[in-house]
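Participant: Structure, please.
(one chain, ligands or ions: 2)
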Amino acid sequence: MSGHGDPIPMKSVACGPLTGTAEVPGDKSISHRSLILGAMCVGETTIEGLLEGQDVLDTAKAMRAFGAEVTNHGGGRWSVQGVGVGGFAEPDQVIDCGNSGTGVRLIMGSMATSPITATFTGDASLNGRPMARVTDPLALFGCQAVGRSGGRLPMTLVGAREPVPVRYTVPVPSAQVKSAVLLAGLNAPGQTVVIEAEATRDHTERMLAGFGAEISVEETEEGRVITLTGQPELTAQHIEVPRDPSSAAFPVCAALIVPGSDVLVPGIGLNPTRAGLFTMLREMGADLVYENEREEGGEPVADLRARFSPDLKGIEVPPERAASMIDEYPVLSVVASYASGQTVMRGVKELRVKESDRIDAMATGLRANGIEVEDGPDWWIVTGKGHGNVPGGATCASHLDHRIAMSFLILGMAAQNPVHVDDGGPIATSFPIFEPLMRDLGADVSREAG
Ligand SMILES: O=C(O)C1=C[C@@H](OP(=O)(O)O)[C@@H](O)[C@H](O)C1
Ligand SMILES: C=C(OP(=O)(O)O)C(=O)O
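Facilitator: Ligands and ions are numbered 1, 2, ... in the order given. Purely as a prediction, here's the structure:
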């Protein structure tokens, strides 16, 4: 979905206690991978609980363009009839990945070692994001890429005719880069090795093993060394997608700052490479409890119970925890605004190349709402006002970024004055039911006349 509809201005107003159960949608990362791996295996993969956000719908459409049969059976049940590793057809249309960095980067990896050509584009946000981080390692397999200056979309990839396996050390902490290389390695003969100095989300490794690939992970002094044997026959799977911890973050954080709240967020994936925010919140003094801890479909899962926490303390976020909570810094900065003292976030340069420059977007909007924020190239510090003292009252720009829009709407739920966002439209990319779900809990979130 390139481009974007008319802006949807929204506001949130301080509300009474948030109570009840928040059933957030399926995990975005696992949803993308289910469709892509489903398309790359032989047979029919069935998926339950797929996230039906626009990012994932765009990946579903892309997999159809590469020749897979993708069917929506309703109620979050989907199936993919795969074409096998190396079986992708050449798309006869431009692949539009909309707002999704994960979608475009993983799909580029999955086609890079097939003898086909594909052209990729996205919306204004995605077309501004760096792609060389993916096309550089894909070039080592023999894939050529031509795009706009600065390695930006739109971009055409000519897949390698005779791919060679690769040994690659990922230079930035990025699960998207790691995954693109592993997916490309699937159709290269021999062993592809990916080394990451810092552990990032490991869904691709787990799911590749689940689909029957030969893959091993070794912890060494260099970091995590992942070895994948190319040209396996992947076998179709049944996948139950756990609920998304990055979406759960919004009702959880709202409950912590709205007086009297008590919210249950069931069935949340708590893969340690994703759960950094919840650890942080507990260290800040949040009343956040894991109930009914269990394993589902190879991923740790629990029900999260979040209650109003009037005595939150600002703390320093360990930089080595950044990858496990990378998408949660915007909403963490909102909670930090209601804490006492400073929340210090370092080693977070990657936040500047997401759907927006998230440090800049949050710093600007928080300052406009009366919060003190300092920032530098790879750090920022939020000085909390303490509970009850957040002024609010400003209109914040969401910059085509779902997490920025949702974070400012959470800010407004306990502020002295309503908080407005110029465009809530992007929320549909990852959390299409955000508005009704938050309203059901008791939040006063609404759309405003444009
Ligand atoms: O692999 C993934 O599913 C994702 C990886 C992260 O991006 P980076 O790889 O750019 O850190 C994250 O921000 C994104 O929301 C999802
Ligand atoms: C960074 C994100 O997504 P993507 O990179 O897939 O656009 C996100 O969902 O916060």
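Participant: just checking, His238 touches Thr45?
Facilitator: Yes. With contact defined as Cβ atoms under 8 Å, His238 counts as touching Thr45 (7.4 Å). The C-beta positions use only the backbone N, C-alpha and C, and glycine is treated the same way.
Participant: These two - which one has more neighbours?
Facilitator: Per other Cβ atoms under 10 Å, whichever of His238 and Thr45 has more neighbours is Thr45, with 26 against 11.
Participant: A helix includes the more buried one, no?
Facilitator: No. Going by DSSP: H, G, I helix; E, B strand; the rest coil, the assignment for Thr45 is strand, not a helix.
Participant: what's near enough to touch it?
Facilitator: Contact partners of Thr45, counting by Cβ atoms under 8 Å, 6 or more residues apart in numbering, are Ser34, Leu37, Gly38, Ser79, Val80, Gly82, Ala236, Gln237, His238, Ile239.
Participant: can you pick the most crowded of those?
Facilitator: Busiest of these [other Cβ under 10 Å] is Ser34, holding 31 neighbours.
Participant: What's the separation between Ala302 and ligand 2?
Facilitator: Applying Cβ to the nearest ligand atom, to the nearest Å, the value for Ala302 to ligand 2 is 22 Å.
Participant: Mind listing the residues bridging to that residue?
Facilitator: Ile268 (DSSP bridges).
Participant: Please identify which of the contacts of Thr45 is nearest to Arg64.
Facilitator: Val80 (9.5 Å; Cβ to Cβ).
Participant: May I have the phi/psi pair for that closest one?
Facilitator: phi -130, psi 120 (degrees, to the nearest 10).
Participant: State the pLDDT value of it.
Facilitator: pLDDT, Val80: 98.
Participant: you'd agree it is up against Met63?
Facilitator: Yes. In this structure Val80 lies within contact range of Met63 using Cβ under 8 Å: 6.7 Å.
Participant: Spit out the residues that contact these two alike.
Facilitator: Both Val80 and Met63 are in contact with Leu35, Gly38, Ala39, Val70, where contact means Cβ under 8 Å, 6+ apart.
Participant: Give me the neighbour count for the third one.
Facilitator: This points to Ala39. With other Cβ under 10 Å as criterion, Ala39 counts 28.
Participant: Just the element for it, please.
Facilitator: helix 28-40 (DSSP states H and E).
Participant: just the CA coordinates of that helix, formatted as CSV?
Facilitator: Coordinates of each C-alpha in helix 28-40 appear next as CSV, following Å, rounded to 0.1, in the frame of the first residue of the first chain:
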residue,chain,number,x,y,z
LYS,A,28,4.1,-8.9,13.6
SER,A,29,7.6,-10.4,13.2
ILE,A,30,6.3,-14.0,13.4
SER,A,31,3.4,-13.2,11.0
HIS,A,32,5.7,-11.9,8.3
ARG,A,33,8.0,-14.9,8.7
SER,A,34,5.1,-17.4,8.6
LEU,A,35,4.0,-16.1,5.2
ILE,A,36,7.5,-15.9,3.8
LEU,A,37,8.6,-19.3,5.0
GLY,A,38,5.2,-20.8,4.1
ALA,A,39,5.8,-19.6,0.6
MET,A,40,9.4,-21.1,0.5
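Participant: roughly how far out does that helix sit from the chain middle?
Facilitator: Here helix 28-40 shows a centroid-to-chain-centroid distance of 13 Å under the convention Cα atoms, centre = their mean, to the nearest Å.
Participant: and the residue of the stretch 201-350 of the chain found nearest ligand 2, how far is that from Asp375?
Facilitator: The stretch 201-350 of the chain approaches ligand 2 most closely through Asp327 (3.7 Å), counting by Cβ to the nearest ligand atom. According to Cβ to Cβ, to the nearest Å, Asp327 stands 18 Å off from Asp375.
Participant: and if you look at Leu57?
Facilitator: With Cβ to Cβ as the criterion, Leu57 and Asp375 are 34 Å apart.
Participant: returning to that earlier point: so Asp327 and Asp375 - more neighbours on which side?
Facilitator: Asp327 (23 against 19).
Participant: now that one, nearest residue through space, not along the chain?
Facilitator: In space, Asp327 comes closest to Ser246 once its chain neighbours are excluded; the distance is 4.7 Å by Cβ to Cβ, 6 or more residues apart in numbering.
Participant: Report the contact partners of the one you found.
Facilitator: Listed by Cβ under 8 Å, 6+ apart, the contact set of Ser246 reads Asp27, Lys28, Arg274, Asp327, Glu328, Arg403, Ser430.
Participant: who in the stretch 351-450 of the chain is up against ligand 2?
Facilitator: By the rule Cβ under 6 Å from any ligand atom, the part of the stretch 351-450 of the chain lying against ligand 2 is Lys354, Glu355, Arg403, Ser430.
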